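K.L.:
Take this sequence and fold it.
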Amino acid sequence: MIEDAAGGPARVIDGRYRVVALLGQGAHGRTFRCVDDAGRAVAVKELIVRGQADWKPIELFEREAKVLAALRHHGVPALDRFFEATDAHGDLAFYLVQELIDGPSLRDRVAAGPLDPDEVVRIALGVLDVLEYLHGRAPPVFHRDIKPANIVLRPSGAPVLVDFGGVCHGWRADDGGSTVVGTFGYMPAEQLLGQVEPASDLYALGATMLHLVTGRPPAAHSYAAGRLAVPPELDVAPTLRAAIDAMLAPAPGDRPRTAQAARGLLLGQASTALAAVPRAGVGLARRPAAVLAGPAAPRLADLGPPPRDPRGPHADVLRVLCEPLDDDSEGVGAVIFGWTVFIVISVVTVGVVPALYYGSHVRGRRRRYQPLFEHGLQVAGEIVSVARTDASMMATIGYEYEVAGARYRGFIDYAARLARYWREGDPITVLHDPADPGRSCAVYVRDRRAAGAPDRRS
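P.N.:
Numbers count the residues shown, from 1 in each chain. Next up, the predicted model:
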């Protein structure tokens, strides 16, 4: 039996989470590695109310839980539970139960010395995938504390952004001027004023990359020029040096304004860095075609060359792309039933607001994806993640594709029930913008003829 520090029996939180080890400890809380009553390893974050000087740590803890509950991305730990209970001494405490990322943090990795520049690029591209997802939310989500300790690598090597304790949900931090969120050295100057934007997280990522390629934290570098910069004697590729220098610009307006722009600065090395990842090492084993042969299962789309008529033979592909809940995979009756339940719940609970919100969501998707459908070039892609929860009607599909020797990643939301058909490594068709290959969407078709339903593609 695992014992606590006093030699007694192992602590059990809320009667179901047995503490195995202490993963980390900060000024306001601790994170434990636990095993739940089903034998599953989880991470449990604890905030003890007693001894807090004010309510700000509690407010940030609750904000973290609220934001994590709405996120679905392979680069963010999935939230399992948020609850309050008593701690080992009988005091009130709050708890977050999350997916356990069973791998080393970048702080652990860099403690042994600088990382290979190609690996730094690969990791940075993965974090930029996460930031593109977070910053693209409505309202946007800003992490505000990116640093080596808060990036953990999955066994596949894919980075995961952890510790959302300083997360900001919206364009203003709204911390009342009394709380500084972030870590000195990695935190941009504007966060001292309570201001935050996408470029703020990009600065922290740039400082993290500087630490990884040099083996020295930001505070160990010269600031004589009024800014951090890659040491001139460091032997790294010009594209990597330029990307870090741009992300570390003191003024937010002088940095890349989006994660996509920062990715563009790294693309000179992106092809080499991503190609260096062994495909078997990231669990992308292909399935036999027969596994995906069900009558409602998605299959590879062949939409032909552009331009494509939105009302033509592939109109249903555009419809499902823009209205992701209406995928018809369960048949017309299931779709009608699902929408009826959705509307009834909307009216009974908070009126027509959810329906109006979804209508706005559909219009936004149409503005974003219809130009890609009409004029995008078709390329073969591969699914790298499928994230969903039982409580969500949506699943986030992460995919990867290659254009002109450079690899790109994207993500898109579809109906959660499609997750039953897809897993990592499955092929998928991607449409990309020839003027900006990093702008893309993933599409699929279903063979309705196999299910005996009318084929609306003809």
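K.L.:
Would you map the helices across the stretch 201-350 of the chain?
P.N.:
238-247, 259-275, 315-322, 332-350 (DSSP state H, counting those that start in this stretch).
K.L.:
other SSEs contacting the first one?
P.N.:
Under the contact criterion of 3 or more CB pairs under 8 Å, 6 or more residues apart in numbering; DSSP states H and E, helix 238-247 touches helix 117-135, helix 198-214, helix 259-275. C-beta: built from backbone N, CA, C; applies to glycine.
K.L.:
thinking again about what came up before, for the helices of the stretch 201-350 of the chain, which has the smallest mean pLDDT value?
P.N.:
Ranked by mean pLDDT, these end with helix 332-350 at the bottom, a mean of 52.
K.L.:
before we move on, the earlier item: comparing the helices and strands packed on helix 238-247, which comes out most buried?
P.N.:
For the helices and strands packed on helix 238-247, average neighbour numbers computed from mean count of other CB atoms under 10 Å are highest in helix 198-214, which has a mean of 26.
K.L.:
between that helix and helix 238-247, how many degrees?
P.N.:
Relative orientation of helix 198-214 and helix 238-247, computed by axes from the mean of the first three to the mean of the last three CA atoms, to 10 degrees: 130 degrees.
K.L.:
Report the backbone C-alpha coordinates of helix 198-214 in CSV.
P.N.:
Written as CSV, here are the backbone C-alpha positions of helix 198-214 (Å, rounded to 0.1, in the frame of the first residue of the first chain):
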residue,chain,number,x,y,z
PRO,A,198,-2.8,36.3,-29.1
ALA,A,199,0.6,37.9,-29.3
SER,A,200,0.9,37.6,-25.5
ASP,A,201,0.8,33.8,-25.6
LEU,A,202,3.1,33.8,-28.6
TYR,A,203,5.7,35.8,-26.7
ALA,A,204,5.7,33.2,-23.9
LEU,A,205,6.1,30.4,-26.5
GLY,A,206,9.0,32.3,-28.0
ALA,A,207,10.7,32.6,-24.6
THR,A,208,10.0,28.9,-24.1
MET,A,209,11.7,28.0,-27.4
LEU,A,210,14.7,30.2,-26.5
HIS,A,211,15.0,28.2,-23.2
LEU,A,212,14.8,24.9,-25.1
VAL,A,213,17.3,25.6,-27.8
THR,A,214,19.9,27.2,-25.4
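K.L.:
tell me the angle that helix makes with helix 117-135.
P.N.:
160 degrees.
K.L.:
chain center to helix 198-214, what's the gap?
P.N.:
17 Å (CA atoms, centre = their mean, to the nearest Å).
K.L.:
Repeat that for stretch 431-449.
P.N.:
On CA atoms, centre = their mean, the centre of stretch 431-449 falls 20 Å from that of its chain.
K.L.:
distance of Gln25 from Phe32?
P.N.:
As judged by CB to CB, to the nearest Å, Gln25 and Phe32 stand 10 Å apart.
K.L.:
These two: which is more packed in?
P.N.:
Phe32 (21 against 11; other CB atoms under 10 Å).
K.L.:
For that one, what is the enclosing helix or strand?
P.N.:
strand 30-36 (DSSP states H and E).
K.L.:
Can you name the residues in contact with that strand?
P.N.:
With contacts defined as CB atoms under 8 Å, 6 or more residues apart in numbering, strand 30-36 is touched by 13, 16-25, 41-46, 97, 100.
K.L.:
run the last query once more with 6 Å
P.N.:
For strand 30-36, contacts defined as CB atoms under 6 Å, 6 or more residues apart in numbering pick out 16-24, 41-46.
K.L.:
Please apply the same query to stretch 55-72.
P.N.:
Here stretch 55-72 makes contact (CB under 6 Å, 6+ apart) with 28, 47, 79, 82, 94, 96, 141, 164-165, 167, 169, 179, 387, 396.
K.L.:
Likewise for stretch 134-149?
P.N.:
67, 105-107, 110, 166, 168-170, 181-183, 186, 196, 198, 201, 204-205, 208, 211.
K.L.:
Please list only the buried members of the residues you listed.
P.N.:
The neighbour count (16 or more other CB atoms under 10 Å) marks 67, 105-107, 110, 166, 168-169, 181-183, 186, 196, 198, 201, 204-205, 208, 211 as buried among those.
K.L.:
surely Gly113 meets Thr214?
P.N.:
No - using CB atoms under 6 Å, Gly113 is not in contact with Thr214; the gap is 10.0 Å.
K.L.:
C-terminal to the helix or strand encompassing Glu46, which secondary structure element comes first?
P.N.:
Secondary structure assigned from DSSP H and E places Glu46 in strand 41-48. With elements assigned by DSSP H and E, the helix or strand that comes after strand 41-48 is helix 56-69.
K.L.:
could you point out which element follows that next one?
P.N.:
Per DSSP H and E, the first helix or strand lying C-terminal to helix 56-69 is strand 79-86.
K.L.:
any idea of the angle that following strand forms with helix 56-69?
P.N.:
Interaxial angle, strand 79-86 versus helix 56-69 (the same axes, to 10 degrees): 150 degrees.
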